[in-house]
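Engineer: The following block contains a protein sequence and its predicted model.
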Amino acid sequence: MAWFKKEKIAITKKVKVPEGLWVKCNSCKEIIYRKEVDKNLKVCPKCNYHFRISAMERISLLIDENSFVEIGENLVSKDPLNFKDHTTYKDRLGEYQKKTGSRDAVLTGTALIGNHTVMLVVLNFEFMGGSMGSVVGEKFVMAAEKAAEYGLPLISVASSGGARMHEGIISLMQMAKTSASIARFKKIRKPYISILADPTFGGVSASFAMLGDIIIAEPKSLIGFAGPRVIEQTIKQQLPENFQTAEFLIQHGMIDMIVSRKELKQTLIKILSLTTGNENSD
């Protein structure tokens, strides 16, 4: 009889998976073992998508071991507007300083790349989206001036959402300030190499990031000024496929080359050897 019929109940045993063991690729959406991604320099082994990395990770990938000497490390942003939204600007700065171990969104200093002495400026997207405020602008100018003084090539790595709204017009002034410093630097006839990582937008792309003598981008990086949604709403037209990607920009002559993260250091060594001579290279 149906009253006495036993129903089979599936018993599922929950298996605890440690957090952070797997990572989802933003491009191909594959779930990948995190250690496999880390071993591959944080590049997706399935589709070659380049995950964002911190400024210190970037520096360690580019330079000869233990050769980085930081400058301007004590500069800290002020709060000229007494800015407050959900929290105060001062509290937000403190939060990101604690989270990243850096005072602001950029690291600057000298380093060796293939035994070539260079000046590095590396933005850190983990610090308020790599936004450019007074400290980022000041440290870039300091680096450019030191590079000009000592006759060093200048290399910047951009990864930023743009100007930092918390500092208002002061953040926008950094666009002119950094651009002017590059114009002065170019008088010494040393190369300025600009590397664009995902994403590079706003006031950073509209200033020093696109002023390099040689502009290099990582594959599939998003690069532009305003976001695609804003552009579409403004011009009332649908944008082309892959608009604002590194691949789209190189087809339209906006950048010089796309270089995979694994090949970036060797590419820089070749460029430095060609533009500064072979006397310091291996």
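Structural biologist: Looks like it came in fine.
Engineer: Can you show me the strands along the stretch 51-200 of the chain?
Structural biologist: Taking DSSP state E, counting those that start in this stretch, the strands of the stretch 51-200 of the chain run over residues 69-70, 106-113, 116-123, 154-160, 192-200.
Engineer: quick one, what contacts residue 198?
Structural biologist: Listed by C-beta atoms under 8 Å, 6 or more residues apart in numbering, the contact set of residue 198 reads 50, 52, 159, 218, 220, 221, 222. (Each C-beta comes from the backbone N, C-alpha and C, glycine too.)
Engineer: Could you point out which of the strands of the stretch 51-200 of the chain sits nearest residue 246?
Structural biologist: For residue 246, the closest of these is strand 192-200, at 7.1 Å, according to C-beta to C-beta.
Engineer: From the chain's centroid, how far away is that closest one?
Structural biologist: Relative to its chain's centre, strand 192-200 lies at 7 Å (C-alpha atoms, centre = their mean, to the nearest Å).
Engineer: orientation of that strand relative to strand 154-160 in degrees?
Structural biologist: 10 degrees (axes from the mean of the first three to the mean of the last three C-alpha atoms, to 10 degrees).
Engineer: What separation is there between the residue nearest the centre of the chain and residue 251?
Structural biologist: The geometric centre of the chain, computed from its C-alpha atoms, lies nearest to residue 159 (C-alpha atoms, centre = their mean), at 2.3 Å. Distance of residue 159 to residue 251, given as C-beta to C-beta, to the nearest Å: 22 Å.
Engineer: Could you tell me how far the residue nearest to residue 207 when sequence neighbours are not counted is located from residue 196?
Structural biologist: Of all residues not flanking residue 207 in the chain, residue 175 sits nearest, at 4.0 Å (C-beta to C-beta, 6 or more residues apart in numbering). Separation of residue 175 from residue 196 (C-beta to C-beta): 16 Å.
Engineer: and what of residue 163?
Structural biologist: From residue 163 over to residue 196 (counting by C-beta to C-beta), the distance is 17 Å.
Engineer: Go through the strands of the stretch 51-200 of the chain and pick out the most buried.
Structural biologist: strand 154-160 (a mean of 28; mean count of other C-beta atoms under 10 Å).
Engineer: pLDDT of it, averaged?
Structural biologist: Averaging pLDDT along strand 154-160 gives 98.
Engineer: what's the angle from that strand to strand 116-123?
Structural biologist: Using the same axes, to 10 degrees: strand 154-160 against strand 116-123 is 20 degrees.
Engineer: Parallel or antiparallel, list what pairs with strand 154-160.
Structural biologist: Strand pairing for strand 154-160, using DSSP bridges, gives strand 116-123 (parallel), strand 192-200 (parallel).
Engineer: Where does pLDDT dip in the stretch 1-150 of the chain?
Structural biologist: 1-19 (pLDDT under 70).
Engineer: circling back: okay, and which of the contacts of residue 198 map to strands?
Structural biologist: residue 159 (DSSP state E).
Engineer: Of all pairs in the contacts of residue 198, which one is the farthest apart?
Structural biologist: Across the contacts of residue 198, no pair lies farther apart than 159 and 220, at 13.4 Å, counting by C-beta to C-beta.
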